[in-house]
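# Give me a 3D structure for the following:
(one chain, ligands or ions: 2)
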Amino acid sequence: MSKKLPVIVIVGRPNVGKSTLFNRLIKKRVAVVEDEPGITRDRLYAETEWRGKRITVVDTGGILFHDDDPLVEQIRIQAQIAIEEADVVLFLTDATAGSHPDDQLLADRFRGFKKPLLVVVNKADNPQRDGFASEFYELGLGEIFPISSLHGRGVADLLDHIVELIPAASEQEEKPDETRLAIIGRPNVGKSSLLNAFSGETRAIVSSIPGTTRDTVDTVLKLDNETIRLIDTAGLRRKGKIQGSIEYYMADRAKRAIERCDCALIIVAGDEGLTDGDKRVAKMAHDDGKAVVIVVNKWDLVEPPDGQPRNKSIPKKVMRQTLQDQLPEVGYAQVCFTSAKESAGLEAVLRTVFKAMENYNFRLSTGQLNRLFAEAFHKKPLTRKGKTLKMYYCTQVKTAPPTFVFFVNDPELVHFSYMRYLENVFRKQYALEGTSLRMVVRSSHERK
Ligand code: GDP
Ligand code: GDP
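Ligands and ions are numbered 1, 2, ... in the order given. Predicted structure coming up:
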């Protein structure tokens, strides 16, 4: 399970010393040379450690703006990134310059901000200058810390304070102690048979326990120290009693199961073609942003265990291609082949689920993410209506499924195919089979 390091974001108008502080925090004295245009400069983010705690430091002064981006705009973007991304914000000001209208402009963006924010008054090179610091209480943002980034004065105290403020929760993402698995699919593909096969035939230890919602019964399997909760298994067993439209009932049941699950097993029948029912189920799982594994059941009818080929025989490769073509929404899903009748292929399904869950909880560091996407934007620039799309910064805001936010100059420029291009670039590097990815485009204008 990957960790999300706590993120410290430095904001401040130009020339207050953001880059100097950044370099000091990351223990690097050298001035960072500018990269080629379009590639994010190294100055933007770096990891460092203080008293055994690792943190990511982001310097919003490192964002490469267009020459024609007005300062107001730049300030908005800085603030937006800090608001979305930071565990602690360092609002940097300059003791020698005193309170400046642009400080106020930036401060206004942080009204009502709930996370810790420290007003750091830089260039307080000596105790006399600490006296100037108090005027920054006017900003109305809270505590004031005079420091000198150039000489290091007060920086250790500041770091001590930052480390105390870091919420414990952001340091380690808890690995969920079980995977909630939903078996879904249209009628007669073999869901109940698979459930019985899982319960009876795997090496997994099985128990039926009351579900977390009323009138449901879950089945719990354990394999390799992993726990899988097959959710709402009573619904699968209670077949005879279905009233009314079976289609409606099945769709509704699948919908509720998907909502409760981490991973959806989409069951299709190997001996039949894919139907609209299969497509609807796949779309539901995808739209809900769950991990997905596709199971082609009744494979014994296609590849008989006695080895005698029948009319229906098709290779697995062809079946995989058919699925790719007909269920493109879940093209990232791995495909397993089972026979509930023969209890074949069941453990492989569970192991594929584990892998999908690992990918579902995948996290990439801010640095790697920005490098990857900065290059993608650089390689394939998007220009529409005479305007070029520009990415300032990218961050992974959550896992399950991995969700990335792009801060751009104008989200209106982005269209579906460009997002698909970005996803392809990402998946070329990190396949992340079994999980959808969410990509969200934000503008600096959006904060209401
Ligand atoms: P940024 O635009 O906010 O990133 O500011 P820089 O880090 O580029 O610093 C702007 C100027 O302020 C540079 O000339 C720095 O050397 C100077 N500076 C930064 N920190 C200090 C400090 O603590 N004391 C003094 N006297 N000068 C500083
Ligand atoms: P559900 O409606 O999706 O729960 O499907 P069932 O589990 O009730 O299965 C529907 C029919 O397919 C039953 O007659 C099962 O015996 C049969 N069936 C299920 N799985 C397999 C399998 O792997 N191979 C074969 N040959 N038949 C199967």
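
# low pLDDT regions in the stretch 201-350 of the chain?
Scanning the stretch 201-350 of the chain for pLDDT under 70 picks out the ranges 201-216, 234-250, 307-313.

# at 50 what do you get?
Along the stretch 201-350 of the chain, segments meeting pLDDT under 50 span 202-205.

# isn't Q324 right next to G331, touching?
Yes: with contact defined as CB atoms under 8 Å, Q324 reaches G331; the gap is 5.8 Å. From N, CA and C alone the C-beta is placed, and that goes for glycine too.

# Count the neighbours of the closest residue to K385 other than its chain neighbours for me.
Nearest in space to K385, with sequence neighbours left out and distances taken as CB to CB, 6 or more residues apart in numbering, is L413 at 7.7 Å. When neighbours are counted by other CB atoms under 10 Å, L413 registers 18.

# What residues does L413 make contact with?
Taking CB atoms under 8 Å, 6 or more residues apart in numbering, we find L413 in contact with L382, R384, K385, K387, T388, L389.

# Same check on L141?
Counting by CB under 8 Å, 6+ apart, L141 has contacts F91, A107, F110, L117, V119.

# who wins for most neighbours among the contacts of L413?
Busiest of the contacts of L413 [other CB under 10 Å] is L389, holding 20 neighbours.

# Contact residues of this protein facing ligand 1?
12, 14-20, 61, 122-123, 125, 148-150 (CB under 6 Å from any ligand atom).

# filter these to the buried ones?
G12, V16, G17, K18, S19, T20, G61, N122, K123, D125, S148, S149 (16 or more other CB atoms under 10 Å).

# which non-adjacent residue is nearest the fourth one?
Spatial nearest neighbour of K18, excluding adjacent residues (CB to CB, 6+ apart): G61 at 3.8 Å.

# Am I right that the one you found is in a strand?
No: if the criterion is DSSP: H, G, I helix; E, B strand; the rest coil, then G61 is helix and not within a strand.

# I'd guessed it sits against R13; true?
No: with contact defined as CB under 8 Å, G61 does not count as touching R13 (9.2 Å).

# re the thing from before, as JSON lines, the contacts of L141 with secondary structure would be great.
Formatted as JSON lines, the contacts of L141 follow (three-state DSSP):
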{"residue": "F91", "secondary structure": "strand"}
{"residue": "A107", "secondary structure": "helix"}
{"residue": "F110", "secondary structure": "coil"}
{"residue": "L117", "secondary structure": "strand"}
{"residue": "V119", "secondary structure": "strand"}
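
# Of the residues you listed, which is the nearest to ligand 1?
Checking those against ligand 1 with CB to the nearest ligand atom, the nearest one is F91 at 11.8 Å.

# got the contact list for that closest one?
F91 neighbours (CB under 8 Å, 6+ apart): V11, G12, L106, A107, F110, L117, L118, V119, V120, L139, L141.

# tell me which residues form a beta bridge with it?
Beta-bridge partners recorded for F91 (DSSP bridges): V11, V119.

# any chance you could map the strands in the stretch 201-350 of the chain?
Assigned by DSSP state E, counting those that start in this stretch, the strands in the stretch 201-350 of the chain fall at 205-210, 217-223, 226-230, 263-269, 291-297, 334-337.

# now do the stretch 1-150 of the chain
7-11, 45-50, 53-59, 88-94, 117-122, 144-146.

# Run a quick neighbour tally on the residue of the stretch 201-350 of the chain found nearest ligand 1.
Going by CB to the nearest ligand atom, ligand 1 is nearest to G289 of the stretch 201-350 of the chain, at 38.3 Å. G289 has 17 neighbours, counted by other CB under 10 Å.
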